[in-house]
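model the following, please.
(one chain, ligands or ions: 2)
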Amino acid sequence: MTLLEVDNLKVTYETDDEPVHAVNDVSFTIDEGVNYGLAGESGSGKSTVAEALLGLLPGNGTVERGTIGFDGKDLTALSEAERRDILWEDIAYIPQSAMDSLDPVMSTGDQIAQAIHTHRNVTDSKARDRVRELFEIVGLDPDRIDDYPHEFSGGMRQRVTIAMALALEPDLIIADEPTTGLDVIVQDKIIDKILEIQERMDSSLLLITHEIGVIAETCDELSILYGGKVMEQGSVDNVLVNPTNPYTMGLKNSFPEIDEGEDPVAIPGSPPNLNGEPTACVFEDRCPFATEECGASHPDPVDLPNRNHRSACHRVKEAAQLRQAADDPET
Ligand code: ATP
Ligand code: MG
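Ligands and ions are numbered 1, 2, ... in the order given. Have a look, this model is predicted:
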């Protein structure tokens, strides 16, 4: 069963200069119980997608077009109040840098209890019991619910934000870079915790990260974003093992833990200018395989013959040769 269906989402930001076209016709679907990854370099539009889903775009951001189907409703058409009801109840959100966004002058337990009180008519002692339970679920000492954020380490603060996100047992958990800024061992523990809880609650996960290694380990399906466009999407096995898009190939080489033993190779060049609709493939100026056609228009995503694999590349039919050339740049 489909849980979330994003269709042709376009988001722009107004600025003093030209508008920024941050998300351009992004479509993807998350089925119930699926772990879905959203990957891409900094500035590719990952957080903008999440904020648009949740109706939490900053004041200068607008959903220009597209629909976001969730549980039979179009989230883009809801009133503020209706959207607030869905947020936390049905969709939980762990925002980017969440651990730094806790209120420093309120105890961590009170912050979670407040989130519970907003949605549930419960007594203070019931809410506190639930907070203790949530602390236990995320691996924090329940006797520390009266501690303040500064009394916890970064990894523990991130667990607090996860506990807060889980308070109401949502159907979908959206986690934006939940492990960025934490050391590797803590990162693994946090990811394991999210997976364990998500499995227990049978919710779906939208995991946003620039680290495709994390997605390879934890997700079933993914979309790779670049310059606000979906470059490639489908099952993790198809997209990350047999990429057909030169951008995915480049991204994979910059995170070689997927193919052990290789040295990381960053993609040369810098991300595209997002002022204006793309008139060429957004990756054209960085792509080692670009042809004239690539400079003339951005390619539409096409379904590949293997199930659950789509790619937006003018040279998609030659993907196997391109991949070989990418693996073996000397030849
Ligand atoms: P990161 O990995 O750094 O978190 P991201 O993939 O989440 O990056 P977004 O934060 O969604 O990227 O940003 C997409 C684009 O929109 C970027 O070019 C960014 O500079 C721009 N942008 C984001 N927020 C605003 C804003 N409030 N006003 C103007 N431009 C913005
Ligand atoms: Mg972001």
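
you'd agree Q233 is in a helix?
No. Secondary structure of Q233 (DSSP: H, G, I helix; E, B strand; the rest coil): strand, not part of a helix.

if it is in a bridge, with which residues?
Bridge pairing for Q233 (DSSP bridges) gives the partners S223, R310.

quick one: what helix or strand has whichever residue of the stretch 1-150 of the chain sits closest to ligand 2 in it?
As assessed by Cβ to the ion, ligand 2 sits closest to S47 within the stretch 1-150 of the chain, at 3.1 Å. From N, CA and C alone the C-beta is placed, and that goes for glycine too. Here S47 is covered by helix 46-54, with elements defined by DSSP states H and E.

cool, and I173?
strand 172-176.

for that strand, what is the distance to the chain centroid?
Centroid separation for strand 172-176 versus its chain: 7 Å, with Cα atoms, centre = their mean, to the nearest Å.

return the residues of the stretch 51-200 of the chain in contact with ligand 2.
Within the stretch 51-200 of the chain, the positions lying close to ligand 2 (Cβ under 5 Å from the ion) are Q96.

which stretches of the stretch 51-200 of the chain form helices?
Here the stretch 51-200 of the chain has its helices, by DSSP state H, counting those that start in this stretch, at 80-89, 108-119, 124-137, 154-166, 184-201.

buried ones in the second one?
The neighbour-count criterion (16 or more other Cβ atoms under 10 Å) identifies T108, G109, D110, Q111, I112, A113, A115, I116 as the buried residues of helix 108-119.

before we move on, back to that, quick one, the helix holding S47 and helix 80-89 angle?
Relative orientation of helix 46-54 and helix 80-89, computed by axes from the mean of the first three to the mean of the last three Cα atoms, to 10 degrees: 120 degrees.

put the alpha carbons of helix 46-54 into CSV.
Output of helix 46-54 as CSV, limited to C-alpha atoms (Å, rounded to 0.1, in the frame of the first residue of the first chain):
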residue,chain,number,x,y,z
LYS,A,46,16.7,17.4,0.2
SER,A,47,15.6,19.5,3.2
THR,A,48,13.4,21.5,0.9
VAL,A,49,11.5,18.4,-0.1
ALA,A,50,11.1,17.4,3.6
GLU,A,51,9.9,20.9,4.6
ALA,A,52,7.5,21.0,1.7
LEU,A,53,6.0,17.7,2.8
LEU,A,54,5.5,18.9,6.3
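
and the nearest residue in space to K189 that is not next to it in sequence, how many residues sit next to it?
Nearest residue to K189 in three dimensions, chain neighbours excluded: G155, at 7.0 Å (Cβ to Cβ, 6 or more residues apart in numbering). Look at G155: counted by other Cβ atoms under 10 Å, it has 19 neighbours.

what does L205 give?
L205 has 23 nearby residues by other Cβ under 10 Å.

doesn't it belong to a strand?
Yes. When three-state DSSP is applied, L205 is found to be in a strand.
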